[in-house]
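**Student:** Using only what follows, build the 3D model:
(3 chains)
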Amino acid sequence: MLILSVSLSFIIQKLILIACIFGGSLGVALYSTWAERKVAAVMQDRRGPNRAGPFGLFQPLADGVKMFMKEEIIPMFSSKFLFILGPCLSMIVALMTSAVVPWGPDMKFRDGSSVPLQVADVNVGILFIFGVLSVGVYGIMLGSWASNNKYSLLSGLRAASQAISYELALGISIIAMVMMTGSLSLREIVDQQTGLNWNVFKQPIAFLIFLVCSFAELNRAPFDLAECESELIGGFHTEYSSMKLGFYLFSEYISMFVTSAIISTLFFGGYHLPGLDSLAPHMPGWAFSLLGVGVLLGKSICFILFFMFIRWTIPRFRYDQLMNLGWKSLIPLALVNMLITGAVILLKSH
Amino acid sequence: MDLYQLAFWILAILTLSFAIGVIMSRNPINSILFLILTFFSISGNYVLMNAQFLAIVNIIVYAGAIMVLFLFVVMLMNLNSDTEPQKNFLIQFAAVISGGALLLILVATLKSTITGLEVSQIDYKQQSNIGLIKELGNTLFTKFVFPFEIASVLFLSAMVGAVVLGKRDQELNVITD
Amino acid sequence: MAYTISNRAKPVDRKPMTFAEKLYLPAIAKGLTITLGHIFKKKATINYPEVQREFSSTFRGLHILNRDEEGRERCTACGLCALSCPAEAITMEAAERTKDEEHLYREEKYAASYEINMLRCIFCGLCEEACPKDAIYLTQTFAPANYDRKGFIYKKEDLLIPQKN
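**Tutor:** Residues are numbered from 1 along each chain as shown, chains lettered A, B, ... in the order given. Down below sits the predicted model:
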């Protein structure tokens, strides 16, 4: 009964950690919007935002102020409660996944005490991520239904069926990896990947499937069918304005950051880097721990950039192509991968 | 009253009130949302019983996938309270009978399991680890391997059935075209 | 053989995708090399208000009304520019010069008012060509933005070159 055995210092420690993680995620997401515009600009031989502050670095703040100042519109004949609940749910779910990610090695202090840089080391960490992911689609579905708009409703249906289809392949690809690591706890999975012993080299196919499915789960191009502006206007956020729209857009960037962190954790060694451990004796414990956080952040930022490169490179899939890819390619591939992994493990153990 | 009991009481009250919300709300969408909340609080109860795996799987499968499909269908059908069909007396009578029978069974089961046992005597600290994933896997693949496999065959046949139904519809369309 | 407009026309390929194409990955890698290559390309845009592009020598921009060597208005309000204007952007009113206005206007008749509607003007330069007195010219600037339509109707005062002295 780990969850309920609490002391005051434990609660304070976790609260500080949660505040740091929320602040960090929000900050990274804030600057992801700036980076997205810069990446898009650079790829199209443009300059991107460069007016607000040096290199346009204050642009996200300006965007945020703009969002707050806009007129708030709630359509008539829609359920007002659900209309407001939609974006809130998206935001909550986007932030919730970060709870199980181990952000760095334990912070060791001189008096021997240590603070884990992970909000909750639940023994079903990966499944927790799946649980949160599968709930994530409710934000879009409720918002789209409450909008009382045909395009929004269609987009909500698309989002739901897409999420369910790709969750399957995502889950099966992870099963192969879990069979190898023998643990569902993210902390243990990270600690198995010291040096260059990264899971991506052992399970490249699982990594590929996971990556493709996370594009679909994040509703990002080339799988952003839910907000397909050319046929559904804006999809689920057609009727949204002001900060409620901002929440939808922002939650996408937060989940992109958290997903990048999870991919780095599962497949790219999390906070481990070859040669980093040799530095540990030469520096204080807290500094080493922060270094680990930096490594994980660096890896995550690489993935965020990759997500952006893909968005500005590949055109959007058609809906039938999306479903074909999910059901006829990725799921069989994931199943075969799982089967082969199982067979290899069985042969090795005998 | 210690912390476990407090958590249990809060969760139990929440679960029951959400469950009542499911049957009391007129709007089917609200019903489904209450049902999802019920699943979440049931998952909370699982966590309290040290069955994290069951809790998470309950959320993934029921709250995350099946209820999404429910919501999906209800949204497409656009059910309102005024489109609700008139129920005739016979159906209402049958519903009362079957509901009463279910209640009887539930009461009888509860009575046989906790006769003479006060709720305060239920000791949450004395835990079995059956809800943890290792234990559960071992039990499923040793003691209950036969029912487990039967269940998977059942699912497979259900899947095949769904595909057959979908295919036949398509063929019919081709013929009528 | 299907009819083609030129020998460069290619018929649309509707063959089902091969296995290599269905993998998508080679195509994605190819696309990424293209887009990533653009990161190092020269930017096509400039930081506009600080940096301005040069106009071509044949650029036709805002009009000016010219003066002669003594600083007198050249325009005689003959109306040929208005006549030649395909967009009908030019209107004018003529007036007769009095004795004491000889230092202001070169000809006996002059334009009392002269307006060009810059929202109608297509900057074709036909007025410049039609003018027998070399009075109207198109310059190398363009009309700045304005908050209302009135601001785009340029009066004679806006168009005349300022007096040299």
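
**Student:** Any stretches of the chain with poor pLDDT?
**Tutor:** Just going to use chain A. Scanning chain A for pLDDT under 70 picks out A:1-6, A:78, A:110-112.

**Student:** wrong chain, I was asking about chain B
**Tutor:** Low-confidence segments of chain B (pLDDT under 70): B:1, B:78-87, B:114-131, B:169-177.

**Student:** Tell me the residues on it that lie near chain A, please.
**Tutor:** B:3-4, B:7, B:29, B:33, B:36, B:47, B:50, B:52-53, B:56-57, B:59-60, B:63-65, B:68-69, B:71-72, B:75-76, B:124-125, B:127, B:132-133 (Cβ under 8 Å from any Cβ of the partner chain). In this view, the C-beta of every residue, glycine as well, is placed from N, C-alpha and C.

**Student:** which bits of the stretch 51-200 of chain A sit near chain B?
**Tutor:** Checking the stretch 51-200 of chain A against chain B by Cβ under 8 Å from any Cβ, the hits are A:79, A:82, A:122-124, A:127-128, A:130-131, A:133-135, A:137-138, A:141-142, A:145, A:153, A:156-157, A:160-161, A:163-164, A:167, A:184.

**Student:** From the residues of chain B next to chain A, list just the buried residues.
**Tutor:** Neighbour-count burial (16 or more other Cβ atoms under 10 Å in any protein chain shown) applied to the residues of chain B next to chain A gives B:7, B:29, B:33, B:36, B:47, B:50, B:52-53, B:56-57, B:59-60, B:63-65, B:68, B:71-72, B:75, B:124, B:132-133.

**Student:** Ends of stretch A:41-53, what's the gap?
**Tutor:** 17 Å (Cα to Cα, to the nearest Å).

**Student:** which parts of that stretch are buried?
**Tutor:** Applying a neighbour-count criterion of 16+ other Cβ under 10 Å, one finds A:41, A:42, A:43, A:44, A:47, A:48, A:49 buried in stretch A:41-53.

**Student:** do the host helix or strand of the second one and chain C meet at all?
**Tutor:** Following DSSP states H and E, the helix or strand that holds residue A:42 is helix A:8-43. Yes: where contact is defined by Cβ under 8 Å from any Cβ, part of helix A:8-43 touches chain C, namely A:42, A:43.

**Student:** hmm, back to that, so which of the buried ones among the residues of chain B next to chain A belong to helices?
**Tutor:** Judged by DSSP state H, those include B:7, B:29, B:33, B:36, B:47, B:52-53, B:56-57, B:68, B:71-72, B:75, B:133 as members of helices.

**Student:** Nearest to residue C:109, out of those residues: which one, please.
**Tutor:** Closest approach between these and residue C:109, by Cβ to Cβ: residue B:75, at 77.2 Å.

**Student:** Test my guess that the closest one contacts residue A:153.
**Tutor:** Yes: with contacts defined as Cβ atoms under 8 Å, residue B:75 counts as touching residue A:153 at a distance of 6.4 Å.

**Student:** what sits in contact with each of these two?
**Tutor:** Counting by Cβ atoms under 8 Å, 6 or more residues apart in numbering or on different chains, the residues touching both residue B:75 and residue A:153 are residue A:145.

**Student:** Closest residue of chain B to chain A?
**Tutor:** Nearest to chain A, among the residues of chain B, is residue B:64, at 2.5 Å (Cβ to the nearest Cβ).

**Student:** Contacts only, for the closest residue to that residue other than its chain neighbours.
**Tutor:** Closest residue to residue B:64 apart from its sequence neighbours, by Cβ to Cβ, 6 or more residues apart in numbering or on different chains: residue A:134 at 2.5 Å. When contacts are counted by Cβ under 8 Å, 6+ apart, residue A:134 is found next to A:163, A:167, B:59, B:60, B:63, B:64, B:65, B:68.
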